[in-house]
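J.: Sequence and computational prediction follow.
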Amino acid sequence: MKQAAGVLFSAIRLDRNSGKSVSVQLYQELREIILSGGLAAGQRLPATRTLAQEIGVSRTTVIDAVDRLVAEGMLVSKVGSGTFVSDILERQRPRPVSLPAGDKDPAQPRLSYTIGHAEKSYATRSWLPHEARAFVTALPAFDAFPMAHWSRISARHMRSERSIVMGYGEPKGYLPLRRAIASHLSAFKGVSCDPGQIFVTTGAQHAFSLVGRLLINPGDRVWMENPGASGARNALLSEGAELVPVGVDREGLVVREGLARAPHFRLAFVTPSHQQPLGHVMSLSRRFELLKAADEAQAFVVEDDYDGEFYFGNAPQPALLSIDSGNRVFYVGTFSKTLFPSLRLGFVVVPAPMVDSFDRAFASWVSGPPTLTQAIVADFMDEGHFSTHIRVMRRMYKARYEALMEAAGDLQGAVDIQETSGGFHTAAFLAEGIDETKVVQQAAEHGIRLASLSRYCLEPIHETGLVLGFGCASPDDIRAGIRVIRGLPEIRSKLA
């Protein structure tokens, strides 16, 4: 803690190369001194001219910082007397908490029963990536994003009518964006829906939470793909769901297993276009089997189509929603993969009978993303940039996937990289005796980011393996990454 009196202010250090102005830095330094008790209530500050000379800044800079603190109520300015630390601050300043002898940690706050129970089964998401490199999952190719078009549209909206971009906006989402999404789903997914069925959210996890909050009572059973998406898992747990792990084969979620484990389920969560994380595409027969089971149980299905636009196989299967005749499917999409994650923009297509309930929820308490962001994306789609970007990315991801599979021969006998027909990740199974945790740790020491298959599992599965992302890394980086994996101690001994 800084000391009081003359030494106090001479200890202030300002970084003139910082992105923050000197005035803001001085304000923050003085504020910290006051809050930490370095200046007592009622203590008088030196004159602004004196303080400026001591710190080595202009008097105008000091006046600006002091005025901000006066406006916050931390300082009081008295004409003819000077500036003093506020007495009110001293009375309201939180007192340090004294722990009883022998106690190392204060008592933890009591959480709700639902969250306290859910925390025990949360999948860790601290690994969410920020830097594009091999073999990071969940990140699109930033280097190919059409920033020039995006910047032009952004600038245009910043100059538009302020009430549109600065007001609260439509609760369920900006209408031009909802129309653009409906048009996109019709052209790319074979989904016919009214814009009124589309609700814009702050990402896919927000959509999962809302579906869970409106449909699930604590303890309701929810089928969850195992292995499956960790974000959806955490969102549904937080709404009180009892998750039932259901196995996955090459045709998708094994419906007969779900019926054996929980015939009276309330919700089923699936990723039919590109199973997360194994990469399988749900067969048409399995889709009809799932819809039939949901109809008989009076249950609903959440279809998470997180990267279905990037299908590069022969012919994609239709969206589950497109063959749903019983109003059982909630279709969730996200712009995190098609554009970029920091948008925090997603949407959910709600079955027609549920629209009124969602309308009331959004009008009453749900907050969506900024209208400005929605308006930019709407124009980006309407002007054709979105469709063009999808086609470019589809070709790029296919080339990067082919580079991965070409290099995969170097790992024969130790790592079996699975074929996939879309997206920008795939699974890789490890030979018996290889510890996936050690592989992940050893790769990290060489700057390679790997995800273990087990972290996607609600309960253990027979296979051990990795999930390899190939979308955000160049072919050269992918090949270099495979060479690193080949040289790992845990892998070398098993190579053919």
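T.: All right, it came through fine. Small disclaimer: the values here were computed from a predicted structure and weren't measured.
J.: Can you give the domain ranges for the protein?
T.: As recorded under automatic domain parsing, the domains making up the chain are 6-92, 117-125+143-387, 396-492.
J.: Check which element follows the lengthiest helix in the chain along the chain.
T.: In terms of residue count, the longest helix belonging to the chain (DSSP state H) is helix 385-407. Using DSSP states H and E, the helix or strand that follows helix 385-407 in sequence is strand 415-417.
J.: Which strands or helices does that following strand pack on?
T.: In terms of contacts (3 or more C-beta pairs under 8 Å, 6 or more residues apart in numbering; DSSP states H and E), strand 415-417 is packed against strand 425-430. Glycine gets a C-beta too; all of them are placed from N, C-alpha and C.
J.: The strand it packs on pairs with which strands?
T.: If you go by DSSP bridges, strand 425-430 pairs up with strand 415-417 (antiparallel), strand 465-469 (antiparallel).
J.: buried stuff in the longest strand along the chain?
T.: For the chain, the strand with the greatest residue count under DSSP state E is strand 242-249. Buried positions in strand 242-249, judged by neighbour count with 16 or more other C-beta atoms under 10 Å: 242-248.
J.: now stretch 372-392
T.: For stretch 372-392, by 16+ other C-beta under 10 Å, it's 372-381, 385-386, 389.
J.: ok, of the residues you listed, which one's closest to P109?
T.: Of all the buried residues of stretch 372-392, T373 has the smallest distance to P109: 33.6 Å, by C-beta to C-beta.
J.: from the buried residues of stretch 372-392, which ones fall inside strands?
T.: Among these, no member falls in strands (criterion: DSSP E).
J.: hey, where'd the helices end up in the stretch 51-200 of the chain?
T.: Using DSSP state H, counting those that start in this stretch, the helices of the stretch 51-200 of the chain run over 59-72, 87-92, 113-118, 147-158, 162-166, 175-189.
J.: Can I get the fourth one in PDB, CA atoms only?
T.: Think helix 147-158. The C-alpha trace of helix 147-158 is given here as PDB (Å, rounded to 0.1, in the frame of the first residue of the first chain):
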ATOM      1  CA  MET A 147     -13.000  -7.600 -43.200                       C
ATOM      2  CA  ALA A 148     -13.300  -4.900 -45.800                       C
ATOM      3  CA  HIS A 149     -17.000  -5.700 -46.500                       C
ATOM      4  CA  TRP A 150     -17.600  -5.900 -42.800                       C
ATOM      5  CA  SER A 151     -15.900  -2.600 -42.000                       C
ATOM      6  CA  ARG A 152     -17.900  -0.800 -44.800                       C
ATOM      7  CA  ILE A 153     -21.200  -2.100 -43.500                       C
ATOM      8  CA  SER A 154     -20.300  -1.300 -39.900                       C
ATOM      9  CA  ALA A 155     -19.300   2.300 -40.800                       C
ATOM     10  CA  ARG A 156     -22.600   2.800 -42.700                       C
ATOM     11  CA  HIS A 157     -24.600   1.700 -39.700                       C
ATOM     12  CA  MET A 158     -22.600   3.900 -37.300                       C
END
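J.: Show me what that helix is packed against.
T.: Using 3+ C-beta pairs under 8 Å, 6+ apart, helix 147-158 is in contact with helix 162-166, helix 371-382.
J.: what angle sits between it and helix 385-407?
T.: On the basis of axes from the mean of the first three to the mean of the last three C-alpha atoms, to 10 degrees, helix 147-158 is oriented at 150 degrees to helix 385-407.
J.: tell me the angle of helix 147-158 relative to helix 371-382?
T.: 130 degrees.
J.: any residues touching helix 147-158, and which ones?
T.: If you take C-beta atoms under 8 Å, 6 or more residues apart in numbering as the criterion, helix 147-158 is touched by 164-165, 372, 375-376, 379-380, 383, 385.
J.: Report the distance from stretch 370-380 to the chain centre.
T.: 19 Å (C-alpha atoms, centre = their mean, to the nearest Å).
J.: Let me know the pLDDT of M354.
T.: Confidence at M354, expressed as pLDDT, is 96.
J.: Quick check: it is in a helix.
T.: Yes: counting by DSSP: H, G, I helix; E, B strand; the rest coil, one finds M354 located in a helix.
J.: Against L237, how distant is T114?
T.: Computed as C-beta to C-beta, to the nearest Å, the T114 to L237 distance reads 9 Å.
J.: Same drill for these two, tell me which one is more crowded.
T.: Using other C-beta atoms under 10 Å, the more surrounded residue of T114 and L237 is L237, with 24 against 15.
J.: residue at max distance from the center of this protein?
T.: Largest separation from the mean C-alpha position in the chain: G80, at 54.8 Å (C-alpha atoms, centre = their mean).
J.: Next one: that residue, what pLDDT does it get?
T.: With respect to pLDDT, G80 has a value of 80.
J.: need the next SSE after the worst-scoring helix or strand of the chain on mean pLDDT, C-terminal direction.
T.: Between all helices and strands in the chain, the lowest mean by mean pLDDT, DSSP states H and E belongs to helix 6-10, at a mean of 57. Counting by DSSP H and E, the next helix or strand C-terminal to helix 6-10 is helix 22-35.
J.: State the pair within the buried residues of strand 242-249 that is farthest apart.
T.: Using C-beta to C-beta, the pair of the buried residues of strand 242-249 lying farthest apart is E242 and V248, separated by 19.4 Å.
J.: which other residues reach stretch 489-496?
T.: For stretch 489-496, contacts defined as C-beta under 8 Å, 6+ apart pick out 411-415, 431, 433-435, 438-439, 442, 485-486.
J.: go with 10 Å
T.: By C-beta atoms under 10 Å, 6 or more residues apart in numbering, the surrounding residues in contact with stretch 489-496 are 409-415, 430-443, 484-486.
J.: What of stretch 182-189?
T.: Residues external to stretch 182-189 that are found in contact with it (C-beta under 10 Å, 6+ apart): 191-198, 273, 305, 308-309, 311, 316, 318-322, 331, 333, 338, 347, 349, 381-382, 386-387, 390.
J.: average pLDDT for that stretch?
T.: 93.
J.: Tell me the buried residues in that stretch?
T.: 182, 184-185, 188-189.
J.: With distance to L175 as extra columns, can I get those in a markdown table?
T.: Putting the buried residues of stretch 182-189 into a markdown table (distance: C-beta to C-beta, whole Å) gives the following:
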| residue | distance to L175 |
| --- | --- |
| A182 | 10 |
| H184 | 15 |
| L185 | 16 |
| F188 | 20 |
| K189 | 20 |
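J.: which two in those are spaced the farthest apart?
T.: Top of the distance list for these (C-beta to C-beta): A182 and F188, 11.3 Å.
J.: rewinding a little: so which of the helices of the stretch 51-200 of the chain is nearest A229?
T.: Nearest of those to A229, taken as C-beta to C-beta: helix 113-118 at 15.7 Å.
J.: partners of the longest strand of the chain, with directions?
T.: Counting by DSSP bridges, strand 242-249 is paired with strand 221-226 (parallel), strand 252-253 (antiparallel).
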